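*Asks:* take a look and give me a structure for this.
(chains A and B)
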Amino acid sequence: MTKLNTTNDLEALRKQITAQRKNIRTTLTLCGGTGCQASQCRDVIDAVKGALGKHGLEKSVQVRISGCHGFCEQGPLMVIEPGNIFYCHIKPEDAQDIVSKTVMSGAVIERLLYVDPVSNKTIQTEADIPFYQAQDRQLLSQNRLVDPCSIEDYIAVGGYSALVKTLFQMTSGQVIDEIKTSGLRGRGGGGFPTGRKWADCQEAPGDEKYVICNADEGDPGAYMDRSVLEGNPHLVLEGMMIGAFAIGAAQGYIYVRKEYPLAVEHAKIAVQQARECGLLGENILGSRFSFDVEIARGGGAFVCGESTALMASLEGKVGEPRSKDVHTVEEGLWHKPTTLNNVETWANVPLIIKNGAARFAAKGTNNSKGTKILALTGRVKNTGLVEVAMGTPLRTVVYDIGGGAANGKAIKAVQTGGPSGGCLPVSKFDLPVDFDALYDAGSMVGSGGMVVMDESTCMVDVAKFFLQFLQDESCGKCVPCRLGVDRMLEIITTITEGQGKPEHISLLQELAETVQETSLCGLGKTAPNPVLSTLRYFPEEYAAHINHKRCPAGVCKPLITYAIDADNCKGCGLCLSACPLGAISGEKKQAHVIDQQRCNKCGICADECKSQAVTVN
Amino acid sequence: MKQYVTLTIDGAQVRAAKGASVLDAAIEYGICIPHLCHVPNLSDIGACRLCIVEQVSNGRAKVTTSCTLNVQEGMVILSNSEKIKKLRRNIAELLVAQAPNSKAVQDVAVRCGVKDVRYPFRHSDCVLCGRCVRVCTEMWGARALGFVGRGKDRHVDFPLGKREDFCKHCGSCIMLCPMTITPCKGPMKTGEEYLCGKCEAQLMITANRPDSCVWCELGKGFQCARYSQ
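*Replies:* Take a look at the predicted model:
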């Protein structure tokens, strides 16, 4: 790779790459993200490459192994250009057909096309898929256009032009003003205005300053940062460079969790490539700006996503938060002014600089601008990464993009913002994806996790699940978080075991408020949200557990009994042979019965029964 | 030359050296904000959260620990508001339920207004205040003690669980430990724990009756020696 010494070098390289690619007739974009790798996309990629080789098409057909497209449940995915043909659930044995039929003669293979679960229609092109249509994919759409391991791909689509604009046409003050005008707010959970953070850091006294990219994403079910960093690492790097220029930093760190091996690898490759090109290092592109980035791997602690804990971890200390009475923009890493932003925040920066703040600010609500990536999971038909403009109602996300309930049961709630967020009932589904609106409703946008729950989910059990997670992940430094969360879990466990007392509700409420107000860091301050939001919106479920000793959703084992409805039972014997404890008895073609003494409420009989004769009470 | 700032704590004008913590400034003036993990001359980590105060600025009150908050000119602090009293009581209740066998914890709980304990008692022999770790690390530079584990598993231990030569058996850790003084009747039997706190602890938990005592409102809530005379 030649070193780029001036902006002209960069433009020349861009032209050269475009010229080289003129002869490419067809592009096969295969998703190589972690989600698709779990569905064996590596084998598919090898098979496709092999099939192309057999037909001597390696030169004229480009195979691009891109990052995550977002529709992970349909993986492995492939998009064929021209034609925008979308194939899903590809197996290695399909490779031969794809090459001989679609690539060589343009025929569409019916069996690999996507079938929309809502309308049951077969859809040929990626652009027509309802899951994508209802979204506003500013960041995620870029993933498909680049190979994350290729800086040429990124440069070819106009990469690093925002950096050039910053370095040669703007002052640091102008960059900060642009970010301020755009209204960009931190995407990691807090929603702090990015421009203000940068301005504070720039004004803080000190020659040595740092920028950090927080890729220690740990919310259960959320993976937007992973997808952006592993799918388009140069975009994140470019954002960090612009940020570093604005605040006056010469060193940056990407703190990425070690459970994201692909993201670590891609970030390392990107940094290496940028260094070789001279886009990182001394006097970048001939300017007076020098900057370098190091990759640091996290050790697997959820709390290290908290800014001060992350910095302690970077310094080689135990990853524990400290009191933020002095902000990290004044005294952060190595006691120097530090700007820490989330992956998605950094990725938005080059787009704002390149397209202008006005275009970014045109999307969204009064106080929340731009788009947000959400990880849609749970009981909906379509799951995956979803990017929508801020202000989009939750209803649109759940029903239009998610396609509504997956198994015919009514949707009851959506849990937003991961363990720190809250559960919102269907009556609140008109709320927009907006930092302030969700906060006021007792939840938060957070990092963007969105778990949809239906009638078969017990909200008390949900609160218990998140408390268990937080109890495990609390660092244990301060009393309210360590003992408070532990006691909340103790009380909730008592309730789910049928030992709850009416006074437990007020005690939970009081304890939750104490933990919220007095905890040391953000983890503790938001830890009671799952409890508070379920208490606020689903008090009847708590009442049923405590007063009537029953679990309406049929989840909490000590409170439920399985029984066989004699009228519906056909005596087929499926449940009898499936029961691991031999608790079911009955003659063939006669109604069966469950011995309650032996039953351990595993629910296998209910799953096995074809005639819905097993009831839960 | 030492620089001073003036701030208001519970309505009293207080002068404190620049760089001092609000807790130190308060104690100097006899405003005995309850605290457990704070030890003079050691760093403050804000772990026990008993010394919480409300910092009022622009009409908004923010709850924070006074040990980690540095004094600033014109700062307004409320150390004994209804909100703070309730929060502090709840924290102290969590602590005493965890470690009823410490006289220091019992006393501080009663001082903070705990009347009854609503959680099942546990028999923990450590509240992870970190006094021992900090005295060993900061005062003697020995680093013979440290925190191990996370969350519920967090505990104080020697490096790799083995007492090393660099522990000189100086005993500072034991001297500062709030758990080493048990209630007068001896350790409570499992299942028979109760809230006691009848006597003031003999520890540096709070500076008891400093010469400059201003008879703060805080003392009324517990058996402050001044009020019981």
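*Asks:* going by C-alpha atoms from here, please, whenever you check contacts or count neighbours.
*Replies:* OK.
*Asks:* walk me through the domains of chain B.
*Replies:* Using automatic domain parsing, the domain parsing of chain B gives B:4-81+B:202-228, B:131-176.
*Asks:* the longest one and chain A in contact?
*Replies:* Yes: shown here: domain B:4-81+B:202-228 in contact with chain A (Cα under 8 Å from any Cα of the partner chain) through B:45, B:46, B:47, B:48, B:49, B:52, B:63, B:64, B:68, B:69, B:70.
*Asks:* taking the residues you listed, tell me the two that lie furthest apart.
*Replies:* By the measure Cα to Cα, B:48 and B:70 form the most distant pair in the residues of domain B:4-81+B:202-228 next to chain A, at 17.6 Å.
*Asks:* relative to chain B, how far out is residue A:65?
*Replies:* According to Cα to the nearest Cα, to the nearest Å, residue A:65 stands 39 Å off from chain B.
*Asks:* before we move on, the earlier item: now, which of the residues of domain B:4-81+B:202-228 next to chain A lie within strands?
*Replies:* B:52, B:63, B:64 (DSSP state E).
*Asks:* which of those residues has the most neighbours?
*Replies:* residue B:52 (29 neighbours; other Cα atoms under 10 Å in any protein chain shown).
*Asks:* contact partners for residue A:189?
*Replies:* By Cα atoms under 8 Å, 6 or more residues apart in numbering or on different chains, residue A:189 lies in contact with A:417, A:444, A:445, A:446, A:447, A:448.
*Asks:* among the domains of chain B, which gets the worst mean confidence?
*Replies:* Lowest mean pLDDT within the domains of chain B: domain B:4-81+B:202-228, at a mean of 80.
*Asks:* before we move on, the earlier item: deepest in the core, which of the domains of chain B is it.
*Replies:* Stretch with highest mean neighbour count among the domains of chain B: domain B:4-81+B:202-228 (a mean of 19; mean count of other Cα atoms under 10 Å in any protein chain shown).
*Asks:* got a list of what residue A:492 touches?
*Replies:* So residue A:492 contacts A:460, A:463, A:464, A:500 (Cα under 8 Å, 6+ apart).
*Asks:* whoops, I mixed them up, residue A:224
*Replies:* So residue A:224 contacts A:344, A:373, A:374, A:375, A:385, A:448 (Cα under 8 Å, 6+ apart).
*Asks:* closest to chain B among the contacts of residue A:492?
*Replies:* For the contacts of residue A:492, the residue nearest chain B by Cα to the nearest Cα is residue A:500; the value is 13.0 Å.
*Asks:* give me the element the closest residue to that closest one other than its chain neighbours is part of.
*Replies:* Once flanking residues are discounted, residue A:500 sits nearest to residue A:546: 4.9 Å by Cα to Cα, 6 or more residues apart in numbering or on different chains. Taking DSSP states H and E as the criterion, residue A:546 maps to helix A:539-547.
*Asks:* would you mark the buried spots in that helix?
*Replies:* A:541, A:542, A:543, A:545, A:546, A:547 (16 or more other Cα atoms under 10 Å in any protein chain shown).
*Asks:* do I have it right that the last one meets residue A:504?
*Replies:* To tie it back to what came earlier, the one meant is residue A:547. No: using Cα atoms under 8 Å, residue A:547 is not in contact with residue A:504, being 11.5 Å away.
*Asks:* leaving out chain neighbours, which residue sits closest to residue A:159?
*Replies:* residue A:235 is the one closest to residue A:159 (Cα to Cα, 6+ apart), at 7.4 Å.
*Asks:* just confirm that neighbour is within a helix.
*Replies:* Yes: under DSSP: H, G, I helix; E, B strand; the rest coil, residue A:235 sits within a helix.
*Asks:* that one: what's it in contact with?
*Replies:* Per Cα under 8 Å, 6+ apart, neighbours of residue A:235: A:159, A:346, A:347, A:350.
*Asks:* from chain B, how far out is it?
*Replies:* 35 Å.
*Asks:* ok, residue A:113 next?
*Replies:* 48 Å.
*Asks:* give the contact list for that residue.
*Replies:* A:86, A:87, A:88, A:122, A:123, A:124.
*Asks:* now name the helix or strand holding the first one.
*Replies:* With elements taken from DSSP H and E, the one containing residue A:86 is strand A:85-87.
*Asks:* ok, then the element right after that strand?
*Replies:* According to DSSP H and E, the helix or strand after strand A:85-87 is helix A:95-97.
*Asks:* residues contacting that next one, please?
*Replies:* A:44, A:47, A:48, A:51, A:109.
*Asks:* report the two of the residues you listed separated the most.
*Replies:* A:47 and A:109 (16.8 Å).
*Asks:* the more surrounded of those two?
*Replies:* Each of residue A:47 and residue A:109 has its neighbours counted (other Cα under 10 Å); residue A:47 has more, 18 against 15.
*Asks:* that one and residue A:93 touch, don't they?
*Replies:* Yes: counting by Cα under 8 Å, residue A:47 touches residue A:93, with 7.5 Å between them.
*Asks:* hang on, the earlier thing: for the buried residues of helix A:539-547, give me CSV that also has pLDDT and distance to residue B:140.
*Replies:* Converted to CSV, those look like this (pLDDT from 0 to 100; distance: Cα to Cα, whole Å):
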residue, pLDDT, distance to residue B:140
A:541, 93, 55
A:542, 93, 52
A:543, 93, 55
A:545, 93, 54
A:546, 93, 53
A:547, 93, 57
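*Asks:* show me which pair in the residues you listed is furthest apart.
*Replies:* Checking the buried residues of helix A:539-547 with Cα to Cα, the most distant pair is A:541 and A:547, at 9.9 Å.
*Asks:* can you mark which positions in the longest helix seen in chain B are buried?
*Replies:* In chain B, with assignment by DSSP state H, the single longest helix is helix B:82-98. Neighbour-count burial for helix B:82-98 flags B:84-98 (criterion: 16+ other Cα under 10 Å).
*Asks:* try stretch A:322-338
*Replies:* Within stretch A:322-338, judged by 16+ other Cα under 10 Å, the buried ones are A:322, A:323, A:324, A:328, A:329, A:330, A:331, A:332, A:333, A:336, A:337, A:338.
*Asks:* okay, who's weakest in those residues by pLDDT?
*Replies:* residue A:324 (85).
*Asks:* quick check: phi and psi on it?
*Replies:* phi -100, psi 30 (degrees, to the nearest 10).
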